[in-house]
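Novice: curious how this folds, go ahead:
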Amino acid sequence: MPATRVLPTEEATALLGLTRDLCEGELLPRVAEAEATETFPREVFRTLGRAGLLGLPYDEELGGGGQPYEVYLQVVEEIASVWASVGVGVSVHALSCFGLVTAGTQQQRQRWLPDMLGGELLGAYCLSEAHAGSDPSAMRTRARREGDDYVVDGAKAWTTHGGHADFYKLMARTSEERNGISCFLVPADTPGLVADPPEHKMGLTGSATATMRFEGARVPADRLLGAEGDGLTIALSGLDAGRLGIAAVAVGLAQGALDHAVAYAKERQQFGQRIIDFQGLGFLLADMEAAVASSRATYLHAARLKDRDLPFSREASVAKLVATDAAMKVTTDAVQVLGGYGYTRDFPVERFMREAKVTQIFEGTNQIQRLVIARSLARGGTGALLTDPTPPRGTA
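Specialist: Now for the predicted structure:
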């Protein structure tokens with residue numbers, strides 16, 4: 001049963017309707033086979049891009065959809081409720097465009113943004129390294145200036161869309177200072193850029209994750225975003241929005257698992273009655289519904305702060321923490337509702353359970369989210385009463 005939503009405009013309502021239609025017509029028929037065969041669904045992203053769903057949170061004058069973040073995230077949630085790999089991909093692509101939108105020159109935006117936001121160019125994000133996950137300032141990948149190019153050497157781990165993306169938003173060290181990191185927009189066909197074989201993951205098997213190796217890769221200097229040394233600022237400024245994307249994916253996963261569990265419990269009979277009518281199981285489903293609904297409210301609260309240009313970093317971490325922990329619990333309970341059938345691949349709930357686990361890990365582990373929240377509280381970050389008549393803006 002799809003979630004009940006209160007949307008800010010008729011346009012947003014139509015957009016969510018379009019998303020549901022695409023999920024049912026384009027994603028649902030493909031998801032089981034693609035996940036089973038670990039096939040990357042590149043054409044699905046082109047379809048979403050041509051429908052205008054990949055650039056939703058960016059301004060219309062940039063080629064985006066001009067939608068507030070609260071609308072964009074609900075689109076991501078709807079997609080993830082059917083196909084989490086694609087939901088994650090939409091979030092990663094939006095994050096890959098963020099540096100160009102916020103730090104690129106007008107010429108750079110005009111040159112690359114239309115195809116990026118239109119979905120013709122799919123993005124990836126190269127930040128983490130094998131030894132530097134939660135501490136990106138410890139990265140070792142280097143970019144040294146040689147004439148009109150930068151020569152890049154190093155390796156970036158856990159790259160979503162690795163080997164399939166058309167461009168890579170790269171963070172690389174350009175000086176020995178701890179924060180001497182710069183941001184580059186690297187085309188996939190750059191000589192010296194190669195992808196390792198994809199990781200064999202527990203879940204999200206339709207989403208390619210690979211280490212990207214830069215072996216003397218020459219990147220034109222005009223692909224530097226911002227100035228040298230701006231990279232870490234660009235990276236960190238996008239992480240809060242990225243965390244909201246993962247929170248929305250987690251809620252979608254949980255909603256999908258809940259929907260399947262409820263449908264099964266209504267049909268399955270034991271001792272002459274539907275199992276949903278047994279109080280023990282009915283209460284379990286009620287707790288699942290409460291977890292999904294409260295997680296959705298948490299990420300929407302953070303999104304509405306963002307849409308009004310109000311501080312939302314702590315709220316983004318809360319949303320990511322709450323939603324992903326809830327997704328792990330709800331998907332596990334969905335398997336329990338289906339019993340032995342839930343443990344088989346004949347039903348999608350076992351896949352949802354495997355996929356939920358990684359949401360607690362990427363875009364900052366949930367331990368990192370607790371650290372962010374605790375530090376905010378230590379600084380005196382308590383709640384405030386805010387009056388802001390400004391309508392939400394459609395910018396990322």
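Novice: tell me the pLDDT at R393?
Specialist: R393 carries a pLDDT value of 54.
Novice: whoops, I mixed them up, G340
Specialist: 97.
Novice: ditto for the one 10 residues further on
Specialist: What the model reports for E350 is a pLDDT of 98.
Novice: ok, now S137?
Specialist: The score at S137 is 80. That number is its pLDDT.
Novice: likewise the one 10 residues further on?
Specialist: What the model reports for G147 is a pLDDT of 97.
Novice: for D189, what are its contacts?
Specialist: With contact set as C-beta atoms under 8 Å, 6 or more residues apart in numbering, D189 has no partners. Backbone N, C-alpha and C define where each C-beta goes, glycine included.
Novice: on the three-state scheme, V88 is what?
Specialist: What DSSP: H, G, I helix; E, B strand; the rest coil gives for V88 is helix.
Novice: contact partners for it?
Specialist: Counting by C-beta under 8 Å, 6+ apart, V88 touches 80, 160, 204, 207, 246, 249.
Novice: what residues sit buried inside stretch 185-204?
Specialist: Within stretch 185-204, the residues that count as buried by 16 or more other C-beta atoms under 10 Å are 185-186, 188, 190, 193, 195, 198-199, 203-204.
Novice: again but with stretch 345-360, I slipped
Specialist: Buried residues in stretch 345-360, counted by 16+ other C-beta under 10 Å: 347-360.
Novice: closest one of those to E60?
Specialist: T359 (30.6 Å; C-beta to C-beta).
Novice: let me know the pLDDT of the closest one.
Specialist: With respect to pLDDT, T359 scores 98.
Novice: grab the nearest non-local neighbour of R218.
Specialist: Nearest residue to R218, sequence neighbours excluded (C-beta to C-beta, 6 or more residues apart in numbering): D149, at 4.5 Å.
Novice: err, V349, not the other one
Specialist: In space, V349 is closest to A334, 4.3 Å off (C-beta to C-beta, 6+ apart).
Novice: hang on, the one you found packs against R351?
Specialist: No. With contact defined as C-beta atoms under 8 Å, A334 does not reach R351; the gap is 10.6 Å.
Novice: what helix or strand does the residue nearest the centre of the chain sit in?
Specialist: With distances taken as C-alpha atoms, centre = their mean, S91 lies nearest the centre of the chain, 3.2 Å away. Secondary-structure element containing S91, defined by DSSP states H and E: helix 84-103.
Novice: tell me the angle the helix or strand that comes right after that helix makes with helix 84-103.
Specialist: Using DSSP H and E, the helix or strand that follows helix 84-103 in sequence is helix 106-117. On the basis of axes from the mean of the first three to the mean of the last three C-alpha atoms, to 10 degrees, helix 106-117 is oriented at 170 degrees to helix 84-103.
Novice: low-confidence ranges, the stretch 251-396 of the chain, go.
Specialist: Counting by pLDDT under 70, the stretch 251-396 of the chain contains low-confidence ranges at 381-396.
Novice: ranges for the helices of it?
Specialist: Taking DSSP state H, counting those that start in this stretch, the helices of the stretch 251-396 of the chain run over residues 279-307, 313-338, 349-359, 366-378.
Novice: export those as CSV, with columns for distance to M116.
Specialist: Formatted as CSV, those follow (distance: least, C-beta to C-beta, whole Å):
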stretch, distance to M116
helix 279-307, 21
helix 313-338, 23
helix 349-359, 25
helix 366-378, 28
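Novice: how about those, which one is nearest M139?
Specialist: So among the helices of the stretch 251-396 of the chain, helix 366-378 is nearest, using C-beta to C-beta, at 16.4 Å.
Novice: what's the angle from the closest one to helix 313-338?
Specialist: Using the same axes, to 10 degrees, the inter-axis angle of helix 366-378 relative to helix 313-338 is 140 degrees.
Novice: which other helices and strands contact helix 366-378?
Specialist: With contacts taken as 3 or more C-beta pairs under 8 Å, 6 or more residues apart in numbering; DSSP states H and E, helix 366-378 sits against helix 313-338.
Novice: name the residues of the helix it packs on that are buried.
Specialist: Buried residues in helix 313-338 (16+ other C-beta under 10 Å): 313-328, 330-335, 337-338.
Novice: and that helix, what does it pack onto?
Specialist: Helices and strands touching helix 313-338, as assessed by 3+ C-beta pairs under 8 Å, 6+ apart, comprise helix 231-267, helix 279-307, helix 349-359, helix 366-378.
Novice: can I get those in JSON lines with distance to Q67?
Specialist: Shown next, in JSON lines, are the helices and strands packed on helix 313-338 (distance: least, C-beta to C-beta, whole Å):
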{"stretch": "helix 231-267", "distance to Q67": "13"}
{"stretch": "helix 279-307", "distance to Q67": "10"}
{"stretch": "helix 349-359", "distance to Q67": "23"}
{"stretch": "helix 366-378", "distance to Q67": "26"}
